[in-house]
Each structure stands twice: as C-alpha cells, then as structure tokens.
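Asks: Please work out how this folds:
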Amino acid sequence: MKYAKDRIMKSSHTGEVLTEALPWIKIATGKTVVIKYGGAAMVDTKLRDAVMSDIVMLKIMGMNPVIVHGGGAAISENMERFGLPVEFKNGQRVTTDEAMDIVKMTLIGKVNEELVLAVNAHGNLAVGVNGADAGTLTAVQKSADLGRVGTVTDVDPTYIQALIAADYIPIVATVAKGEDGGSYNVNADAAASALAAALGAHKIIYLTDVDGFYEDFSDKDSLVSQMSLAETRAMLAEGKVSKGMIPKLQSCVASLEAGVPRAHIVNGTKPHSILIELLTTGGSGTLIHEDESSHVSLDDMAPLGNLASRLTENR
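Replies: Numbers count the residues shown, from 1 in each chain. Next up is the predicted model:
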C-alpha cells in the first residue's frame, strides 16, 4: 500500500531540485558543451545507456552537447581477436598500419555506432562522426616508435557546427585525417580539448572512473570541488598529482588555455553525475576555471534576484 504523504514528500524534494537547477539551465541554454566519454562508463552497457540518457536530457534542456570518445578496451579486445600484439609505450598504444585498421573498425564501426544507437533510442538526435569527416581533425605522427598515433595539428569545426545548427548531437570518434594522407589514432582527451576550443564551447566535461581530483587520493575527504587554472598548473608543476590524473588535468589546462572557460572532471560511473555537476550548486566532481570571472556571473543570474546571491556562495 502506498500513502499520499510519501508521494507528497518525494514530489516536494523533486521540486526543490528542479528549482535549484533553473539558474544553471538558464546560463547554459544555447551553449555548446563538449563531453569526453570513456572508461568504465563506456564498457558497461547499463552505465553507457544511463550516460547517454543524461546527455539527451541536456539537449532537451536547450544545451548543445558534443560527445568525443575513444574506446581503448574495445580496441585491445579486437586486436587480440585478430592476433595482433597489444603494446603500449609511455601509456600510449603502439599503432601499426594493421592496428590502425582495427582502430578504425572498432571506433567508427562499433563504438561510435553503439553510442549513436543509445542516444537515438530517445529519438533521432545523434549523428556519428569521425575526425576525418570533412577534415574535422588533422594530425601528424607523434613518434615513429608509436606508428599511426597522431598529434592534432588542426581542427575545422564547420561540419560539427552544421550538425549543431541542425539540432543534432554529434558523436565524434577520435580518428584523424593525416597530413600524409593516411589516418591517425589520436588521444581522446586531447582531441576533445582541441575540438572544444575550436567550437568556442561553454565548457568541457571529462568523464572518468573517479569522483574528481583528490589532493590526496588516499584521503577521500580531500576531493577538490573547484580550483583555478593557476592552482591546477601549480599542482602539476609540484608533482602533487597522481599518475592517472595527470593527463586529465593537463587536458583541462590545455582547454582553458585555448579559451574554454570551464573544465569539469566527473565520475561517469555514478548515476546522473553529469546532471548533478552541471545543474546543482554543490556539483559532483571537480570544476577548473580560469579565474573568478569565468566561474559564475551574477549578471547571468540577475533576473533570479536573491537566489543568485545564494547560489554563488558555492558553485
């Protein structure tokens, strides 16, 4: 048996959450948000579908999400299936010409298609793209030892902008066009950062498997809610960052230096973490911003009166 009082209490709580989200929705409406997607949230089908549902929610609220993805686990699985060695140097996949064929087959033909289908379960909203389409991403070889691993040298956002203008969610696989006429496997974090800058994104979100940046990973109370670009640079320079978090913070720094106002590190394995981070005062991960002026503007929320002052006390 269900009682009305329980429903009323639940509805009241839901109403409070929606009210708190209002100013954040107002700020982000019409803005482009680049989401780098990967890790355990990609491997687990239920988690993947939940993340895609949240991204659809952002679209319905009026934002313009752009998803950028890799697919390291799936690539390794397919390479083993085809009898190719899986080798890494300095944390990067050695990508021979044969391996590059597997990378393209996996990222474009499998992972990208699965993400498109997961989004389109909610309506025909997503379009699958790879970085070589319309010359969106151009790269050069990073190192002869790594083979077809590339560094992004140029971004042409025209095609992605056209998809956004047509009200689609672009889902971008990180295969780039090579200046030598071939294809390159490019790091998804770096590709997302470069694309966000070229699109003039409002913010970039890195989905990972931890809650954000911990000042001391062994101390779960040391999760950093927000920090400035200068503080982030200092943390990296002083060697205070765990090995696994270094590339994420470096990508956040690169994004901000290229003009993206805000970067977020969010745990993609936790339910609705994107929505909580973007649409609530407390957030759920770590926000990195250039300075206080790039954080929250009272002018943006002025029509909301006293509520704006209360919200800016936190995030």
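Asks: which parts of the helix or strand encompassing Thr232 are buried?
Replies: Per DSSP states H and E, Thr232 falls inside helix 229-237. Buried positions in helix 229-237, judged by neighbour count with 16 or more other CB atoms under 10 Å: 229, 232, 235-236. Any C-beta I mention is one placed from the backbone N, CA and C, and that applies to glycine too.
Asks: what about the closest residue in space to Gly71 that isn't next to it in sequence, how many residues close to it?
Replies: Nearest residue to Gly71 in three dimensions, chain neighbours excluded: Val111, at 3.9 Å (CB to CB, 6 or more residues apart in numbering). Applying other CB atoms under 10 Å, we find 24 residues neighbouring Val111.
Asks: wait, isn't Val111 in contact with His69?
Replies: Yes. Assessed by CB atoms under 8 Å, Val111 is found in contact with His69 at 6.3 Å.
Asks: Name the residues contacting each of these two.
Replies: Jointly contacting Val111 and His69 under the rule CB atoms under 8 Å, 6 or more residues apart in numbering are 42, 173.
Asks: Would you confirm that Ala74 belongs to a helix?
Replies: Yes. Under DSSP: H, G, I helix; E, B strand; the rest coil, Ala74 falls within a helix.
Asks: Let me see the contact set for it.
Replies: 43, 106-107, 110-111.
Asks: With Val51 instead?
Replies: Residues in contact with Val51 (CB under 8 Å, 6+ apart) are 37, 41, 207, 268, 274.
Asks: Which strand or helix spans the last one?
Replies: In this structure, Ile274 sits in helix 273-279 according to DSSP H and E.
Asks: could you give the mean pLDDT of that helix?
Replies: Mean pLDDT, helix 273-279: 86.
Asks: now stretch 121-133
Replies: 96.
Asks: Quick one: end-to-end distance for that stretch.
Replies: Stretch 121-133 has its terminal residues 24 Å apart, counting by CA to CA, to the nearest Å.
Asks: Now do the buried residues in it.
Replies: Buried-residue list, stretch 121-133, by 16+ other CB under 10 Å: 122, 125-133.
Asks: again with stretch 64-75
Replies: Neighbour counts over stretch 64-75 (16+ other CB under 10 Å) mark 64-72, 74-75 as buried.
Asks: what does stretch 271-290 give?
Replies: Buried-residue list, stretch 271-290, by 16+ other CB under 10 Å: 273-280, 283-290.
Asks: cool, and stretch 76-92?
Replies: Buried residues in stretch 76-92, counted by 16+ other CB under 10 Å: 76, 78-79.
Asks: Doesn't Val266 lie inside a strand?
Replies: Yes. If the criterion is three-state DSSP, then Val266 is within a strand.
Asks: sorry, back to before: show me the contact partners of the helix holding Thr232.
Replies: Among residues not part of helix 229-237, those counted as contacts by CB under 8 Å, 6+ apart are 227, 241, 246, 249-250, 252-253, 256-257, 288-291.
Asks: what distance separates it from the middle of the whole chain?
Replies: Distance, stretch centre to chain centre, for helix 229-237: 21 Å (CA atoms, centre = their mean, to the nearest Å).
Asks: Repeat that for stretch 269-279.
Replies: The answer for stretch 269-279 is 12 Å, by CA atoms, centre = their mean.
Asks: now swap in stretch 241-259 and tell me
Replies: Going by CA atoms, centre = their mean, where stretch 241-259 is centred and where its chain is centred differ by 13 Å.
Asks: Need the contact partners of that stretch.
Replies: In contact with stretch 241-259 (CB under 8 Å, 6+ apart) are residues 36, 91, 187, 189-190, 192-194, 196-197, 200, 204, 206, 208, 210, 213-214, 217, 229, 232-233, 235-236, 262-263, 265, 288-290.
Asks: Helices - which of those land there?
Replies: With helices taken from DSSP state H, the overlap with the contacts of stretch 241-259 comprises 189-190, 192-194, 196-197, 229, 232-233, 235-236.
Asks: Let me know the closest of those residues to Asp154.
Replies: Among the ones in helices among the contacts of stretch 241-259, Ala194 lies closest to Asp154 (CB to CB), at 8.7 Å.
Asks: how far away is that closest one from Ile160?
Replies: With the distance defined as CB to CB, to the nearest Å, Ala194 ends up 12 Å from Ile160.
Asks: now swap in Ile205 and tell me
Replies: Taken as CB to CB, the span from Ile205 to Ile160 is 16 Å.
Asks: Likewise for Asp209?
Replies: Asp209 is 27 Å from Ile160, where distance means CB to CB.
Asks: Compare these two and say which is more crowded by neighbours.
Replies: Set Asp209 next to Ile160 and count neighbours by other CB under 10 Å: Ile160 wins out with 26 against 14.
Asks: ok so, going back, ok, the residue nearest to Gly71 - contacts?
Replies: Per CB under 8 Å, 6+ apart, neighbours of Val111: 42, 69, 71, 74, 173.
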